[in-house]
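> Could you look at this predicted model? Sequence included:
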Amino acid sequence: SASNCSPKPRQLLLISGKRKSGKDHVTSRILAAAAERNFPAACVRVSQPLKAEYARLHKLDADRLADSTEYKEAFRADMIAWGERLRAADPGCFCRLAVQMAQPPPDGLWVVSDVRRPSDIQYFLSAYPGRVHLLRLRASDETRTRRGWAFVPGVDDAESECALDSWERWDSELDNSGGECD
């Protein structure tokens, strides 16, 4: 959990959704709305420390691993397996590191844009009690395909994509299958 002297958010929004469900897009819209209101806000990505360390160990381009390119897709399955081994030893390791790396503003809105496992949710609920809002994004397979998604065995049926499919304690759910105005 977060130590007593660590900064704490006023509100912590955890976003979960499948690949190409629009997590980054919704996050950017939320952060833009906060900025328009001069409200301190920041994005925290649980996958950021995982990708940075994986890139360092394997001598890869960390920036290219962080975007939605073919480069990342070439390493995704191995990167997932490597991350699972580290999580088995310490389920909150990447959550803690993500907050440290992001250095979000104290007493602001922290948006965690890539929650993927019950252990991620449990970490934030435990570290920041009473400040967490859980949002599940959904998009039809047709919409996700239009956005560039194609089912990849070992990726789309892995824990990193499916572990929260049966989670029922969302505070909000958003169907993100529509257009820009939805």
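Nice, I can see it.

> Can you point out the buried residues in stretch 123-134?
123-125, 127-128, 131-132, 134 (16 or more other Cβ atoms under 10 Å). Backbone N, C-alpha and C define where each C-beta goes, glycine included.

> okay, those residues in CSV with pLDDT and distance to residue 77 next?
Shown next, in CSV, are these (pLDDT from 0 to 100; distance: Cβ to Cβ, whole Å):
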residue, pLDDT, distance to residue 77
123, 96, 24
124, 98, 26
125, 97, 29
127, 96, 30
128, 97, 32
131, 97, 34
132, 98, 30
134, 98, 27
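
> So which of the residues you listed are in helices?
123-125, 127 (DSSP state H).

> For residue 42, state which of the residues you listed is nearest.
Ranked by distance to residue 42 (Cβ to Cβ), those are led by residue 124 at 14.4 Å.

> what residues are up against the closest one?
12, 14, 95, 112, 115, 132 (Cβ atoms under 8 Å, 6 or more residues apart in numbering).

> roughly how far apart are the residue nearest the centre of the chain and residue 23?
Geometric centre of the chain, nearest residue: residue 114, 1.0 Å, by Cα atoms, centre = their mean. Per Cβ to Cβ, to the nearest Å, residue 114 is found 6 Å from residue 23.

> Find residues that contact each of those two.
Common neighbours of residue 114 and residue 23 (Cβ under 8 Å, 6+ apart) are residue 15.

> who's residue 41 bridged to?
Counting by DSSP bridges, residue 41 forms beta bridges with residue 109.
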